[in-house]
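> Fold the following.
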Amino acid sequence: MSASEIAIKIENVTKTFGQFEAISQVSLDVPAGSFTTLLGPSGCGKTTLMRLIAGFYEPDNGQIYIRGQKVNGLPVFKRNTPLVFQEYALFPHMTVYDNISYGLKLQKASRQETKEKVDAMLSMFGLQGLQGRQPKELSGGQQQRVAFARALITGQQILLMDEPLSNLDAKMRVEVRNELRELQQRLGITAIFVTHDQDEALAISDTIAVFDHGRIAQVGTPWDIYFKPLSKFVADFVGTANFVEGEVAAIEGSDIVIRSGFSLFKVHQSNHSLRIGDKATLVIRPECLTIIDEADIGIVRGNVWSGTIEKSSFLGRTIRYWVNGAPLQWIVDDTSPSVRGYLQGTLRFTLDKHKIHILPGDARGAV
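Reported below is the predicted structural model:
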């Protein structure tokens, strides 16, 4: 990626608070015009990095570049990186119009220019007719839209967002995030989004950086993060997975045979550096297991397993089963619950060898 294609560049940045190292030797390139999400559990360092980019904190070591310019020591108001907070931070005594136009007021824009730009933002965010209201008279979703409009009205091409949707109810959260993603793509702005919500990150991101204890464990597309995790932490944090510990028993062309106890698993993986005897961990997503109907039991070959259903959970689009296949325990998703309904007793299922991911060794480390 050329320098002109990178909107924000983080190089070996470290930040400590007293004896606590919030982030350590973090490097990240954010492509211009992309939607990049910093994802991780509470306290992992993602918000610290966001505030370092915005200028609220200064790094102890390392450099931050915005549009090719080193910004270490540059004050917040000179970085042109508006930050939308979780709490919205609207001025409670101001109207919607005054909140949105605040940045233009600081720039001493003319009254006509201000009106035209505010009207455009009201239309863009579906806030027409609300310009005379105060924040307390708005719903949570409307307040969030006002915060986005205020951040973008001065024409900035970088938008930072620190868990901006966490105060919304589930349905509104999905609606606003979809609107935000559509807006980012339409305007071509560079967005950095902080969240601990895995589904949210997978749904709207071009790139996800997964944080673990102040370090980046993996950077990749949502597909890579979900289906090709580099560590057990990433596989476990992003989505749900079955983990099977074992060792390489045989290599048959592009297929690898993993032995776990008395069980053998055949996995298709053309690119690998594994040898016979190497330790390995299998990552198997619940939806990648296929439930076998009674009529099909006799015709299915290879990687067939069974166990007793211990509990289930109806999730709308799926029914999730916890299956005791002693000694192995499984989480299995039925992605066609309207066809089978609830299942009880013994559950039989297959593992497609193309849908199993192998982590070398115990795969605990971050990168």
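> where along the stretch 201-350 of the chain do the strands fall?
Ranges of strands within the stretch 201-350 of the chain are 207-212, 215-220, 242-252, 255-260, 263-268, 279-284, 289-291, 304-314, 319-325, 328-334, 346-351, based on DSSP state E, counting those that start in this stretch.
> mind listing what the residue nearest to R275 when sequence neighbours are not counted touches?
Closest residue to R275 apart from its sequence neighbours, by C-beta to C-beta, 6 or more residues apart in numbering: V248 at 6.5 Å. Just so you know, the C-beta spots here come from the backbone N, C-alpha and C atoms, and that holds for glycine as well. Contact partners of V248, counting by C-beta atoms under 8 Å, 6 or more residues apart in numbering, are I256, V257, I258, R259, L274, R275, I276, G277, D278, A280.
> quick one: T114 from A147, how far?
For T114, the distance to A147 under the criterion C-beta to C-beta, to the nearest Å works out to 18 Å.
> which stretches of this protein have low pLDDT?
Along the chain, the model assigns pLDDT under 70 to residues 1-3, 294-303, 362-367.
> thinking P164 is in contact with A89, fair?
No - shown here, P164 and A89 do not form a contact pair, counting by C-beta atoms under 8 Å, at 10.4 Å.
> any common contacting residues for the two?
A147.
> The two: which is more packed in?
Remark: of P164 and A89, P164 carries more neighbours, 26 against 12, as counted by other C-beta atoms under 10 Å.
> Tell me the gap between the lengthiest helix in the chain and the middle of its chain.
Ranked by residue count under DSSP state H, the longest helix found in the chain is helix 170-187. Remark: helix 170-187 is offset 15 Å from the chain centroid, using C-alpha atoms, centre = their mean, to the nearest Å.
> Give me the angle between the next helix or strand after that helix and strand 207-212.
The helix or strand immediately downstream of helix 170-187 is strand 190-195, counting by DSSP states H and E. Using axes from the mean of the first three to the mean of the last three C-alpha atoms, to 10 degrees, the interaxial angle of strand 190-195 with respect to strand 207-212 works out to 40 degrees.
> and the residue lying closest to H213 once chain neighbours are set aside, how many neighbours does it have?
Ranked by C-beta to C-beta, 6+ apart and with sequence neighbours excluded, the top spatial neighbour of H213 is C44, at 6.3 Å. The number of residues packed near C44 is 23, by other C-beta under 10 Å.
> and if you look at L289?
Using other C-beta under 10 Å, the number of residues around L289 comes to 26.
> Am I right that it is in contact with L351?
Yes - in terms of C-beta under 8 Å, L289 counts as a neighbour of L351; the distance is 6.2 Å.
> before we move on, back to that, tell me which two in the contacts of V248 are the farthest apart.
For the contacts of V248, with distances taken as C-beta to C-beta, the pair at the greatest spread is R259 and R275 (13.9 Å).
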